[in-house]
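Trainee: I would like the atomic coordinates for the input below:
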Amino acid sequence: MYTPKYFKAHELVPKEVYDLFIDETMIFGIFDENALRILDLIREWSGVGLTVNNWFWKGNRNECGFRPNNTTTGATQSAHKYGKGFDIISPKLTTVRFWDLINENASKLPCKIRIERTNGGKPIGWLHFDTMAAATQKDKVYYFNA
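Mentor: Coordinates of the predicted model:
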């Protein structure tokens, strides 16, 4: 099981999931290890603090990492529900800068990833990446529109 260097468990799961675990380190077991590694890589490449969930500090981000199956947030088969997707924000990075960082370092990724460009035809203001790449995906980084 991979334990992230830069993220605590409460930053990656909703409060209701966090509260189910006695040992918070066990929470990392619900995630795809490559997704967690990539989260740390993006933090290292950017050199700035990143936010997934911030409910722990009374913020409004609760389901930007793992999402339980009964949530109404996102798609029915969302990568988040499999522990393979993250939505990341930073006040110091634009979405385009996130994409540039990943493209510049794509050869260092441990696996192929997908990145969401638009949602409902509108550009998104966060980085969504996931490790739900199709077997037929040729490029290390695949951009999609949701």
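Trainee: residue nearest the centroid of the chain?
Mentor: Nearest to the geometric centre of the chain sits Phe86, at 1.5 Å (C-alpha atoms, centre = their mean).
Trainee: What distance do you get for it to Ala79?
Mentor: Distance, Phe86 to Ala79, using C-beta to C-beta, to the nearest Å: 9 Å. For glycine as for every other residue, the C-beta is placed from the backbone atoms N, C-alpha and C.
Trainee: same thing with Leu41?
Mentor: Taking C-beta to C-beta, one finds Leu41 at 17 Å from Ala79.
Trainee: So between these two, which is more surrounded?
Mentor: The neighbour comparison of Leu41 against Ala79 (other C-beta atoms under 10 Å) goes to Ala79, with 23 against 18.
Trainee: for the longest helix belonging to the chain, packing partners?
Mentor: Taking DSSP state H as the criterion, the chain has its longest helix at helix 33-46. If you count contacts as 3 or more C-beta pairs under 8 Å, 6 or more residues apart in numbering; DSSP states H and E, helix 33-46 packs onto strand 85-88, helix 95-104, strand 127-130.
Trainee: I'd like the ones you listed written out as CSV, with distance to Arg37 added.
Mentor: Shown next, in CSV, are the helices and strands packed on helix 33-46 (distance: least, C-beta to C-beta, whole Å):
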stretch, distance to Arg37
strand 85-88, 12
helix 95-104, 13
strand 127-130, 12
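Trainee: which stretch among those comes nearest Val13?
Mentor: Within the helices and strands packed on helix 33-46, the stretch nearest Val13 is strand 85-88; the backing value is 11.2 Å (C-beta to C-beta).
Trainee: Neighbouring strands of the closest one in the sheet, and parallel or not?
Mentor: strand 127-130 (antiparallel) (DSSP bridges).
Trainee: contacts for the partner strand?
Mentor: For strand 127-130, the external contacting residues (C-beta atoms under 8 Å, 6 or more residues apart in numbering) are 35, 38, 42, 79-80, 84-89, 95, 98-99, 102, 113-116.
Trainee: Check stretch 87-95 too.
Mentor: Contacts for stretch 87-95 (C-beta under 8 Å, 6+ apart): 39, 42, 46, 48-52, 61, 64-65, 80, 98, 101, 123-129.
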